[in-house]
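Undergrad: Need a 3D model of the following:
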Amino acid sequence: MNLPDFLKTWHGAQDENRFQRRSNLILLAINALLVMALLAKSHTVIIDPPGLAARGEIGSGSANPEVRRAWGQFYATLLGNVTPANASELATLLEPGLTPQIYHQVSQALAAQIKQVNDDKITTRFLPKQTYVSDKTGHVFVVGDLVTEGLRGVSERETRTYEFGFIVSNYQVLLDDMRIHKGEVTPKIAEKTS
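TA: Numbers count the residues shown, from 1 in each chain. I've put the predicted structure just below:
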């Protein structure tokens, strides 16, 4: 056996082993950083339900205008289409999506509206015409015609605007502000009056 060749290959094997250990430690550190970044990242949920005109994205604390627009149209349709038969369900459908700041105020107003609808046997139909999303406030304005019919069959038509402010908390879109305006109110008009 040739001792110089043996020592040369032995030292080469030791050098390669040291290099592998160092590179494994570097790869382990990179993997640990990637795992920490992945756990700290806020995920974006992409939804594409039928009511959206474009793709909706919801983050843990934000939603794009398309999602807010769809929720505004949903709430306007829900609040505007009321009959004595479905009035009691209105609060059940609306209250889970309210923030604590407006929950009691909206619940009391809904109870009064439900009582009036049931007592007077009123039906309302809301026919949305246009939906705006304010770039400045993020509020959604749903403009349309509200048709109200009483017991005598007489119907009244008026233009109504529902204004909604939404927040997103833990990927859930919540109604944080709600105003009902007579007539057509757009974001530009609302910003001038406030």
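
Undergrad: if you count residues, which strand in this structure comes out on top?
TA: For the chain, the strand with the greatest residue count under DSSP state E is strand 155-169.

Undergrad: Who are the packing partners of it?
TA: Using 3 or more C-beta pairs under 8 Å, 6 or more residues apart in numbering; DSSP states H and E, the elements in contact with strand 155-169 are helix 65-80, strand 140-149, strand 172-182. All C-beta spots, glycine's among them, are computed from the backbone N, C-alpha and C.

Undergrad: Figure out how far the strand or helix carrying residue 102 is from the centre of its chain.
TA: Element membership for residue 102, per DSSP states H and E: helix 100-120. If you compare the mean C-alpha spot of helix 100-120 with that of the full chain, they lie 23 Å apart, counting by C-alpha atoms, centre = their mean, to the nearest Å.

Undergrad: Buried residues in it, which are they?
TA: Judged by neighbour count (16 or more other C-beta atoms under 10 Å), helix 100-120 contains these buried residues: 102, 106, 110, 113, 114, 117.

Undergrad: Over it, what's the mean pLDDT, rounded is fine.
TA: Per-residue pLDDT values across helix 100-120 average out to 90.

Undergrad: tell me the angle of it relative to strand 172-182?
TA: 50 degrees (axes from the mean of the first three to the mean of the last three C-alpha atoms, to 10 degrees).

Undergrad: pLDDT weak spots in this protein?
TA: With pLDDT under 70 as the threshold, the chain has low-confidence stretches at 1, 3-7, 44-51, 189-194.

Undergrad: Grab the longest helix from it for me.
TA: helix 3-40 (DSSP state H).

Undergrad: Which strands or helices does that one pack on?
TA: Checked by 3+ C-beta pairs under 8 Å, 6+ apart, helix 3-40 has no helix or strand packed alongside it.

Undergrad: now that helix, how far from the centre of its chain.
TA: Computed by C-alpha atoms, centre = their mean, the separation of helix 3-40 from the middle of its chain amounts to 48 Å.

Undergrad: quick one: buried residues of that helix?
TA: Burial within helix 3-40, assessed by neighbour count using 16+ other C-beta under 10 Å, is assigned to no residue.

Undergrad: isn't residue 155 right next to residue 146, touching?
TA: No. The pair residue 155 and residue 146 does not pass the contact test of C-beta atoms under 8 Å, sitting 10.4 Å apart.

Undergrad: Now do the same contact list for residue 158.
TA: Residues counted as contacts of residue 158 (C-beta atoms under 8 Å, 6 or more residues apart in numbering) are 145, 146, 148, 182.

Undergrad: Only the buried subset of the residues you listed, as a ChimeraX command please.
TA: Burial among the contacts of residue 158 is assessed by 16+ other C-beta under 10 Å; the matching ChimeraX selection reads:
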select :146,148
